[in-house]
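1. 3D model of this:
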Amino acid sequence: LFDDELDRFHADRDEARLRDEMHLNGNGRGRRPATGSDGEEGDGDDDDDDVIDWNLRKCSASGLDIIAGLFQQELLPTLLPLLQQKLADPKWQVKESAILALGAIADGCMVHISDYLPQLVPWLTQTLSDERPLIRSITCWTLSRYARWVVQAPPETYFQPLLQELLKRVLDHNKRVQEAACSAFALVEEAAGPALVPYLGPILQNLMFAYGKYQAKNLLILYDAIGTLAEAVGPALAQAEAMQVLMPPLFAKWQAVPDQDRALIPLLECLTSIAQALGPAFAEFAQPVLARCLALIQANLAQPAGAAGAGGDFLDAEFIVCSLDLVSGMTEGMGAAIEPLFQQSNLVQLLYACCCRPEADVRQSAFAFVGDLAKGCPAVLTPALAQLLPVLSSNLNPELVQVCNNAAWALGEISVKVGTEMRPYVNDIVQQLVPTMGKRQLNKSLLENTAITIGRLGLIAPDVVAPHLETFIEPWCNSMRNIRDDTEKEHAFRGLCEVIKVNPRGVVQRFGSLCDAIASWEKPPPELDDMFRQILVGYKASVPPESWQQYYATFPDYIR
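-> Next up, the predicted model:
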């Protein structure tokens with residue numbers, strides 16, 4: 001326990017260096033650092049013992065996770081008596097290993113162990129206050145593995161006590177426990193979503209108190225927890241009381257960190273989630289944030305390409321990516337309200353330069369931003385369409401999945417906003433998109449966005465898309481049938497209907513696939529429903545009645 005006291009005063013290494021290491025090791029925004037201990041009681045502050053180090057203990061836990069996934073219910077009669085015995089063992093190391101095992105089997109055995117969770121979860125919640133730091137830290141991790149079960153029960157039963165105890169551990173004096181608690185709390189936030197809103201006040205008070213207390217390594221994880229909270233509660237974060245607690249410390253840090261300091265990057269990522277959640281309420285911060293993001297982009301674009309973090313003056317793609325993402329998040333949250341700030345800046349020139357960069361991650365973020373601009377501030381893009389559209393079209397290479405995905409999505413969003421102004425570019429774009437639809441093993445999201453964009457292009461230039469209909473109709477229908485009913489799906493199907501009017505024979509060989517895709521709609525909008533009826537009635541009228549009945553009899557019941 002003497003080591004625990006030393007932990008209060010042990011300084012972290014340089015924050016920028018720590019972040020570089022965590023990034024290279026796979027721990028960054030959207031990924032959780034592994035949590036657990038290596039078997040010896042200590043202060044949990046040995047930075048050379050990084051969480052990525054694999055040892056027999058961690059391999060055993062991973063193996064148990066795999067076994068649980070394979071055998072599920074069959075595992076429990078053998079394992080549960082062992083766990084019950086070891087959880088009650090007077091040796092803290094044995095007890096800690098049993099808590100780790102309980103967390104390791106969560107995914108594979110969740111359905112079958114749920115009968116035991118009404119007893120286990122309160123016990124684990126109480127164990128968060130154990131005198132041993134490594135017991136507290138591993139219990140945080142194990143409880144996070146059962147978060148989705150916890151939030152399904154009435155909140156006063158398990159959720160409120162867990163929330164209260166986890167927040168205490170977020171402020172634990174031991175830094176290893178802080179790390180585990182903060183990571184666990186982010187997972188609870190993801191599971192709980194809007195259910196966190198009634199507790200937003202105390203959550204923010206605790207997190208921002210930790211913000212003033214944490215040192216470099218755990219501060220990175222805290223940024224993730226704050227960003228995840230913003231994503232979970234959404235517009236509720238815009239309450240005046242919440243903003244008064246949240247924003248002053250963050251902006252004090254924003255003003256204190258120099259542009260060249262990589263400690264700025266996790267703050268940029270955190271503010272992206274906050275800007276999206278606050279929406280119009282972010283307006284008071286928009287001007288200084290936009291100005292600094294554009295300055296960061298411009299400064300890094302002016303540098304020669306080189307390895308990030310290698311020292312010297314090199315282009316640092318991560319500064320550009322995070323700055324683009326933040327401005328994109330502001331656009332998504334504020335919509336047209338941010339347009340005057342864009343019109344007074346060199347945004348479009350910098351965005352075009354980013355779209356032309358050789359770094360794939362820069363282009364990926366730039367194309368996503370183009371799509372958000374098309375949705376929220378299309379007038380900003382209009383003067384640059386002649387430059388941007390050929391660049392987007394030239395990046396429809398499915399070998400770079402995320403770049404291609406964002407380029408295809410952005411083209412679809414632009415087509416909806418600018419209409420026939422885009423017609424001169426449609427043929428080149430379709431020539432790129434149609435072969436992608438034929439590659440069935442591609443990323444699901446990429447195929448869906450490609451299908452949506454083809455449909456949207458059919459709205460503005462059906463005669464250009466129509467000659468390709470027979471080539472793409474089957475994979476198009478297979479992708480679109482799995483998409484939820486929304487505006488994008490409506491645009492795509494309306495475009496397809498216009499294309500079919502121009503080339504009705506292009507669907508004849510795959511008419512069943514078309515019917516299957518139409519049947520995927522739970523309740524199509526009235527105008528689209530009429531278009532469906534016209535097409536179906538037209539095809540039915542084009543064949544003899546007895547042939548139609550034979551064909552119709554081959555349809556599954558859900559299509560009929």
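
2. where in the stretch 351-500 of the chain is pLDDT low?
-> Counting by pLDDT under 70, the stretch 351-500 of the chain has no low-confidence residues at all.

3. how close does residue 253 get to residue 134?
-> As defined by C-beta to C-beta, to the nearest Å, residue 253 lies at a distance of 31 Å from residue 134. Backbone N, C-alpha and C define where each C-beta goes, glycine included.

4. The two: who's more crowded?
-> Set side by side, residue 253 and residue 134 show more neighbours around residue 134, with 25 against 17, by other C-beta atoms under 10 Å.

5. Surely that one touches residue 95?
-> No: here residue 134 does not reach residue 95: they are 10.0 Å apart, not a contact under C-beta atoms under 8 Å.

6. With just CA atoms, put stretch 151-171 into CSV.
-> The C-alpha coordinates for stretch 151-171 follow below in CSV (Å, rounded to 0.1, in the frame of the first residue of the first chain):
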residue,chain,number,x,y,z
VAL,A,151,-28.3,-1.0,-18.5
GLN,A,152,-31.2,-3.3,-19.5
ALA,A,153,-32.4,-3.6,-15.9
PRO,A,154,-34.3,-0.9,-14.0
PRO,A,155,-31.6,1.8,-13.4
GLU,A,156,-31.9,1.9,-9.6
THR,A,157,-31.2,-1.9,-9.5
TYR,A,158,-27.7,-2.1,-10.9
PHE,A,159,-27.0,0.9,-13.2
GLN,A,160,-27.1,3.7,-10.6
PRO,A,161,-24.8,1.8,-8.0
LEU,A,162,-22.4,0.9,-10.8
LEU,A,163,-22.3,4.5,-12.1
GLN,A,164,-21.7,5.9,-8.6
GLU,A,165,-18.8,3.4,-7.8
LEU,A,166,-17.2,3.7,-11.2
LEU,A,167,-17.1,7.5,-10.9
LYS,A,168,-15.4,7.1,-7.5
ARG,A,169,-12.7,4.9,-9.1
VAL,A,170,-12.2,7.5,-11.9
LEU,A,171,-11.0,9.7,-9.1
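
7. Residues contacting that stretch, please?
-> 121-122, 125-126, 128-129, 136, 140, 143, 150, 177-178, 180-182, 184-185, 188, 191-192, 195, 199, 202-203, 206-207, 209-210, 213, 225 (C-beta atoms under 8 Å, 6 or more residues apart in numbering).

8. make it 6 Å
-> The contact list for stretch 151-171, computed with C-beta atoms under 6 Å, 6 or more residues apart in numbering, reads 121, 125, 128, 140, 150, 177, 181-182, 185, 191-192, 195, 199, 206, 210.

9. Over to stretch 401-417?
-> Outside stretch 401-417, the residues that touch it by C-beta under 6 Å, 6+ apart are 360, 363-364, 367-368, 370-371, 374-375, 378, 392, 395-398, 422, 429, 443, 445-446, 449-450, 452-453, 456-457, 460.

10. Over to stretch 443-452?
-> When contacts are taken as C-beta under 6 Å, 6+ apart, the neighbours of stretch 443-452 outside the stretch itself are 401, 405, 408-409, 412, 433, 436-437, 476, 479-480, 483, 488, 492.

11. do the same with stretch 217-230
-> Taking contacts as C-beta under 6 Å, 6+ apart, the residues outside stretch 217-230 that touch it are 12, 18-19, 175, 178-179, 182-183, 185-186, 189, 207, 210, 214, 237, 266, 270, 273-274, 277.

12. Can you flag the buried ones in the contacts of stretch 401-417?
-> In the contacts of stretch 401-417, burial by neighbour count holds for 363-364, 367-368, 370-371, 374-375, 378, 392, 395-396, 398, 422, 429, 446, 449-450, 452-453, 456-457, 460, counting by 16 or more other C-beta atoms under 10 Å.

13. Distance from stretch 519-528 to the middle of the chain?
-> Relative to the centre of its chain, stretch 519-528 is centred 29 Å away, using C-alpha atoms, centre = their mean, to the nearest Å.

14. measure that stretch end to end?
-> Chord length of stretch 519-528, first to last residue, is 13 Å (C-alpha to C-alpha, to the nearest Å).

15. What residue, apart from its backbone neighbours, is nearest residue 123 spatially?
-> Closest residue to residue 123 apart from its sequence neighbours, by C-beta to C-beta, 6 or more residues apart in numbering: residue 87 at 8.0 Å.

16. and if you look at residue 378?
-> residue 417 (4.0 Å).

17. What is the burial count for the one you found?
-> The local packing count at residue 417 equals 17, with neighbours defined by other C-beta under 10 Å.

18. again with the one 3 residues further on
-> Other residues within reach of residue 420, judged by other C-beta under 10 Å, total 11.
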